[in-house]
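*Asks:* Sequence isn't available, so here's the structure alone:
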């Protein structure tokens, strides 16, 4: 069979199909949705990912026309309004699913066949009330079946803006999307915004979906531009944090000096390193166990940054650490105690 590749609205993070953006209230979800539309309408980048230029339809169903107009002015900062962005608000009286919603969407797509992304902000505004004796799963199944059929029939992206539960799930952030297990089963793509602290400017955008790589992006809402900005992947941010921690550590500074002063080779315990730091210009105040943990944690950077090989040998009383620089000439050199090191340092 000739199966076409995934069609991306935003490369690697938003494909054609049914998707959802979830976050708690007051997390600037609507600003993200509107900025996404503007980026796609103009073919700009969104969170540092390339967008394919298409027309968009934004259903701002909790607002009058004033709110999206003000937000557009805030985001565009004098740039021209995209002529391929269409906005419907709550004052336009769009129906709920099964009560005119599908007809309205089909009408808009016939009037503007270039539309490739429709955002429903918020999903709850187009949902039917639960029927008597209807389970949450059955209700979700009915709604998502209809929405998925629209997305597939017209080969468009249909994104639902939704709230997440107050109860956090430490095992799977996507379980925080309000609704039953049927929600994730119906979606082609899901985005969830989380923060370590509610009022923090930085957040994590969790992304997953069918036939696409799951990602965690560090993002920041810029209150000057009213746009969400890309900070980096979670792995990039963690690597940067570890490098800063490494470079600023008195433990690393002491190890560097000990290795250099001893011809490229040094061995000793964590307590020896702490004692030597007094004479190396940056004293270590951490407990020796923390020093050992720090060395183990940053073993890779010792090699990557300073070209120092590291090994640890447990003994009856304490762990011995062996450091060897690749620039050394005598691979058998070692010190028996911290006092010989002090002599090398001229103490």
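*Replies:* Received the coordinates, thanks. Treat the numbers as computed from the prediction; the structure is a model and nothing was measured. Numbering: from 1, shown residues only.
*Asks:* domains of the protein?
*Replies:* Per automatic domain parsing, the structural domains of the chain span 8-236, 249-344.
*Asks:* Tabulate the ones you listed (a markdown table), appending mean neighbour count, mean pLDDT and distance to residue 242.
*Replies:* From N, CA and C alone the C-beta is placed, and that goes for glycine too. Shown next, in a markdown table, are the domains of the chain (neighbours: other Cβ atoms under 10 Å; pLDDT from 0 to 100; distance: least, Cβ to Cβ, whole Å):
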| stretch | mean neighbour count | mean pLDDT | distance to residue 242 |
| --- | --- | --- | --- |
| domain 8-236 | 17 | 91 | 11 |
| domain 249-344 | 16 | 81 | 7 |
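*Asks:* and these as CSV, adding distance to residue 243?
*Replies:* Listed next are the domains of the chain as CSV, based on distance: least, Cβ to Cβ, whole Å:
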stretch, distance to residue 243
domain 8-236, 11
domain 249-344, 7
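*Asks:* give the contact list for the spatially most central residue of the chain.
*Replies:* Centroid-nearest residue in the chain: residue 217, 2.1 Å away (criterion: Cα atoms, centre = their mean). Residues in contact with residue 217, defined by Cβ atoms under 8 Å, 6 or more residues apart in numbering, are 13, 47, 204-205, 207, 230-234.
*Asks:* which among those gets closest to residue 118?
*Replies:* Closest approach between those and residue 118, by Cβ to Cβ: residue 13, at 17.5 Å.
*Asks:* Tell me if I'm right that that closest one and residue 45 touch.
*Replies:* No: counting by Cβ atoms under 8 Å, residue 13 stays clear of residue 45, with 11.4 Å between them.
*Asks:* Contacts only, for residue 119.
*Replies:* Counting by Cβ under 8 Å, 6+ apart, residue 119 touches 33, 36-37, 56-59, 159-161.
*Asks:* In the stretch 101-250 of the chain, what residue spans correspond to helices?
*Replies:* With DSSP state H, counting those that start in this stretch as the criterion, the stretch 101-250 of the chain has helices at 101-111, 136-154, 182-186, 234-247, 250-261.
*Asks:* The closest residue to residue 77 other than its chain neighbours and residue 260: what is the separation?
*Replies:* Excluding the flanking residues, the one nearest residue 77 by Cβ to Cβ, 6 or more residues apart in numbering is residue 225, at 7.0 Å. Using Cβ to Cβ, to the nearest Å, residue 225 is found at 47 Å from residue 260.
*Asks:* before we move on, what about residue 81?
*Replies:* Distance of residue 81 to residue 260, computed by Cβ to Cβ: 62 Å.
*Asks:* Likewise for residue 173?
*Replies:* From residue 173 across to residue 260, the span is 46 Å (Cβ to Cβ).
*Asks:* List the residues that contact residue 66.
*Replies:* Taking Cβ under 8 Å, 6+ apart, we find residue 66 in contact with no residue.
*Asks:* From residue 60, how far out is it?
*Replies:* Relative to residue 60, residue 66 is positioned 11 Å away (Cβ to Cβ).
*Asks:* With residue 201 instead?
*Replies:* Distance of residue 201 to residue 60, computed by Cβ to Cβ: 24 Å.
*Asks:* which SSE is residue 291 in?
*Replies:* Using DSSP states H and E, residue 291 falls within helix 288-297.
*Asks:* Just the ones in helices from the contacts of residue 119, please.
*Replies:* The members of these that map onto helices under DSSP state H are 33, 36-37.
*Asks:* Thank you, goodbye.
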